[in-house]
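Novice: Quick check, what structure comes out for this input:
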Amino acid sequence: MSLAKQIANDLYKIKAIQIKPDRSFTWTSGIKSPIYCDNRLTMSYPEIRSKIATAFVEKIKALDVQPDVIAGCATAGIPHAAWLAEKLDLPMIYVRDKAKAHGKGNQIEGQIEPGQKVIVVEDLISTGGSSLNSALALREEGTEVLGVMAIFTYGLEQAKMVFDEKQIPLSTITNFDVLIEQLLEAEAINEKEKSSLLEWRNTLALG
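Specialist: Numbers count the residues shown, from 1 in each chain. Reported below is the predicted structural model:
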């Protein structure tokens, strides 16, 4: 089984991802959703978080250009960036959604220099706004952002479009489609529920 499938299974097993085909979850935006994703739960499972870090390492090693620094998106991307940086023996920084209103007013914490190559790590991609903002903040500091990497994505077209527009590569370990196939194979959902889940995602993607 591929790492993408393994990690999709792991996220579901520990209830980092929960599925309710009746769409009874409500996102902060007000969207009624059949899926709720909280990858922060992976912090409590050493084997799973190590597997996630290994998957990130594989993705980075496959790049033509290697990073000098690993950046975590505050807050959920920070621990995964730290574990990844440790595996690669690289410096690590993190990026807030906006500059602090006190102290030095930093948005980026840690040492970063213009010209350094950076990979940005996030836990989840929905519309892509927060992680894209982190990448753009780093770009404004003169760094070269090699890409954003995340654990999971819903596969919304909106996210792909905003990253393509800014010419920042986006890559995830696993995704909504892999998860749905795994749930079907495990008989956690049936064909009708699979169709409903994909219809929801595709309709939302078009919106």
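Novice: measure stretch 136-147 end to end?
Specialist: One end of stretch 136-147 sits 11 Å from the other (CA to CA, to the nearest Å).
Novice: hmm, who's touching that stretch?
Specialist: 63, 65, 67, 69, 71, 95, 107-108, 112-120, 135, 166, 168-171 (CB atoms under 8 Å, 6 or more residues apart in numbering). To be clear about C-beta, it is placed using only N, CA and C from the backbone, and glycine gets the same treatment.
Novice: can you give me the helices for this structure?
Specialist: 3-13, 46-61, 77-88, 129-140, 157-165, 176-185, 191-206 (DSSP state H).
Novice: Could you list the buried residues of the first one?
Specialist: Of the residues in helix 3-13, those buried under the neighbour-count criterion (16 or more other CB atoms under 10 Å) are 3-4, 6-12.
Novice: And for the fifth one?
Specialist: Neighbour-count burial for helix 157-165 flags 158-159, 162-163 (criterion: 16+ other CB under 10 Å).
Novice: Let me have the helices of the chain in a markdown table, adding mean pLDDT as columns.
Specialist: Shown next, in a markdown table, are the helices of the chain (pLDDT from 0 to 100):
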| stretch | mean pLDDT |
| --- | --- |
| helix 3-13 | 95 |
| helix 46-61 | 97 |
| helix 77-88 | 98 |
| helix 129-140 | 95 |
| helix 157-165 | 92 |
| helix 176-185 | 95 |
| helix 191-206 | 87 |
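Novice: Of the ones you listed, which is nearest K20?
Specialist: Nearest to K20 among the helices of the chain is helix 191-206; the distance by CB to CB comes to 10.0 Å.
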